[in-house]
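Visitor: this one's structure only:
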Ligand code: KG4
Ligand code: ZN
């Protein structure tokens with residue numbers, strides 16, 4: 001039997017994305033990132049839904065064209081059901097349901113956070129998928145979790161953020177320093193020229209595997225306020241500020257990963273999500289191979305931020321197991337793993 005071809009659709013936040021996958025091999029992956037939020041310091045939900053409505057048809061058309069297939073070749077449609085912004089999710093969900101009806105093919109609902117983790121199962125030359133069980137640190141603009149992945153569909157959240165997500169901390173602190181949204185990649189770039197030990201910000205001391213980032217943000221805010229008598233303080237020290245903030249956020253993340261490894265005795269560890277694109281986090285995470293005798297899995301950059309390829313790969317795994325979704329399914333803004 002021919003390996004099924006699946007169309008994946010992602011619309012949970014500010015990226016409209018469509019991908020075509022055959023088995024675990026990506027035939028195309030088109031991502032359209034909405035620029036409209038740049039000056040607002042965060043995603044404006046209403047504008048995001050409208051942009052998804054405009055983008056979804058051309059993005060899907062392009063994915064089909066690039067994969068060199070026609071709509072008739074699609075065997076199933078996978079879509080992000082949640083978590084995310086409800087208005088954004090509704091666009092992808094409604095479109096996926098309608099197209100599944102029109103093409104008379106099965107529908108596969110996917111949890112966005114599982115998608116991030118399972119980006120590690122996309123077939124890639126020279127990249128090995130993690131073996132079970134493994135721990136995954138998923139760090140994005142909306143979430144920060146440590147997940148124990150026992151098997152394809154057996155996932156346990158061991159810890160998560162009690163307030164802001166790691167990416168949100170990058171973005172909000174970036175806004176305080178006058179950077180555009182999303183600020184993570186820019187902070188990463190500027191930090192490479194700065195001193196990570198120049199400024200000290202406190203790392204939250206939570207006993208368990210949960211995270212908290214709002215304290216770091218508040219302490220950077222007070223620190224900047226204290227120095228506001230010098231109007232060029234931020235511009236003169238931007239590289240050092242970025243390096244110090246980044247260093248603090250990474251320390252707060254890795255201390256929990258090390259703790260999770262100690263508690264679970266699981267040495268297969270992965271990172272996923274938009275913040276896993278961070279060059280210093282990737283370096284320090286890899287270093288756990290030496291310091292903690294772990295085997296690390298770091299995704300290709302193109303699969304760190306939101307994309308439909310990661311949704312399609314979960315769809316493909318569900319298709320193999322006949323885990324189809326009823327057409328009366330609805331989007332779910334708070335959809336737990
Ligand atoms: O996974 P993602 O694309 O979307 C969500 O599901 O939230 O993650 C976006 C987040 C943003 O907060 C962005 O600032 C952050 O990932 N990000 C980074 C880097 N690239 C993206 N944070 C730190 N360093 C980076 N290089
Ligand atoms: Zn995401």
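Guide: Ah, there it is. Fair warning: this is a prediction, and the values are worked out from it, not measured in the lab. Ligands and ions are numbered 1, 2, ... in the order given.

Visitor: what does the stretch 201-337 of the chain put close to ligand 2?
Guide: residue 306 (CB under 5 Å from the ion). No exception for glycine: its C-beta is placed from N, CA and C like everyone else's.

Visitor: where exactly do the strands run in the stretch 151-300 of the chain?
Guide: 154-160, 268-272, 295-297 (DSSP state E, counting those that start in this stretch).

Visitor: do the second one and ligand 1 meet at all?
Guide: I take that to be strand 268-272. No: applying CB under 6 Å from any ligand atom, one finds strand 268-272 separated from ligand 1 by no less than 8.2 Å.

Visitor: ok, and what's touching that strand?
Guide: 116-117, 119-120, 130-139, 257, 261, 281-282, 285, 288, 294-299, 304 (CB atoms under 8 Å, 6 or more residues apart in numbering).

Visitor: restricted to helices, list those residues.
Guide: Applying DSSP state H to the contacts of strand 268-272, the entries found in helices are 116-117, 257, 261, 281-282, 285, 288.

Visitor: just the buried residues of these.
Guide: Buried members of the ones in helices among the contacts of strand 268-272, scored by 16 or more other CB atoms under 10 Å, are 116-117, 257, 261, 281-282, 285, 288.

Visitor: dump those residues to TSV, plus pLDDT and distance to ligand 1.
Guide: Converted to TSV, these look like this (pLDDT from 0 to 100; distance: CB to the nearest ligand atom, whole Å):
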residue	pLDDT	distance to ligand 1
116	98	6
117	98	12
257	98	16
261	98	22
281	98	7
282	98	9
285	98	13
288	98	18
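
Visitor: switch these over to CSV; also include distance to residue 244.
Guide: Formatted as CSV, those follow (distance: CB to CB, whole Å):
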residue, distance to residue 244
116, 27
117, 30
257, 21
261, 26
281, 15
282, 19
285, 19
288, 22
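
Visitor: strands of the stretch 1-150 of the chain, residue ranges please.
Guide: 5-10, 15-22, 25-33, 76-82, 107-111, 134-139, 144-151.

Visitor: out of those, which gets nearest to residue 240?
Guide: strand 134-139 (23.1 Å; CB to CB).

Visitor: flag every buried residue along that closest one.
Guide: 134-139.

Visitor: and stretch 24-38, by the same measure?
Guide: Neighbour counts over stretch 24-38 (16+ other CB under 10 Å) mark 24, 26-32, 34, 37 as buried.

Visitor: now swap in stretch 210-226 and tell me
Guide: 210-213, 215-217, 219-220, 223-224.

Visitor: just want the residue of the stretch 51-200 of the chain that's nearest ligand 2.
Guide: residue 140 (4.1 Å; CB to the ion).

Visitor: go ahead and confirm that residue touches residue 275.
Guide: Yes: using CB atoms under 8 Å, residue 140 is in contact with residue 275, at 6.4 Å.

Visitor: so which of the strands of the stretch 1-150 of the chain gets nearest residue 188?
Guide: Closest to residue 188 of the strands of the stretch 1-150 of the chain, according to CB to CB: strand 134-139, at 12.7 Å.

Visitor: my guess is residue 68 meets residue 5, correct?
Guide: No: with contacts counted by CB under 8 Å, residue 68 stays clear of residue 5, the gap being 10.9 Å.

Visitor: what ranges do the helices span in the chain?
Guide: 45-66, 86-103, 112-118, 166-176, 184-191, 214-226, 233-264, 279-286, 288-291, 308-320.

Visitor: got the residues of the stretch 201-337 of the chain near ligand 1?
Guide: When proximity is defined as CB under 6 Å from any ligand atom, the stretch 201-337 of the chain approaches ligand 1 at 273-275, 277-278, 305-306.

Visitor: and the residues you listed, which two are furthest apart?
Guide: Within those, 278 and 306 form the most distant pair, 15.6 Å apart (CB to CB).

Visitor: from the stretch 1-150 of the chain, which residue is nearest to ligand 1?
Guide: Of all residues in the stretch 1-150 of the chain, the one sitting closest to ligand 1 is residue 141 (2.9 Å; CB to the nearest ligand atom).

Visitor: excluding chain neighbours, what is closest to that residue?
Guide: Nearest non-adjacent residue to residue 141, counting by CB to CB, 6 or more residues apart in numbering: residue 167, 3.7 Å away.
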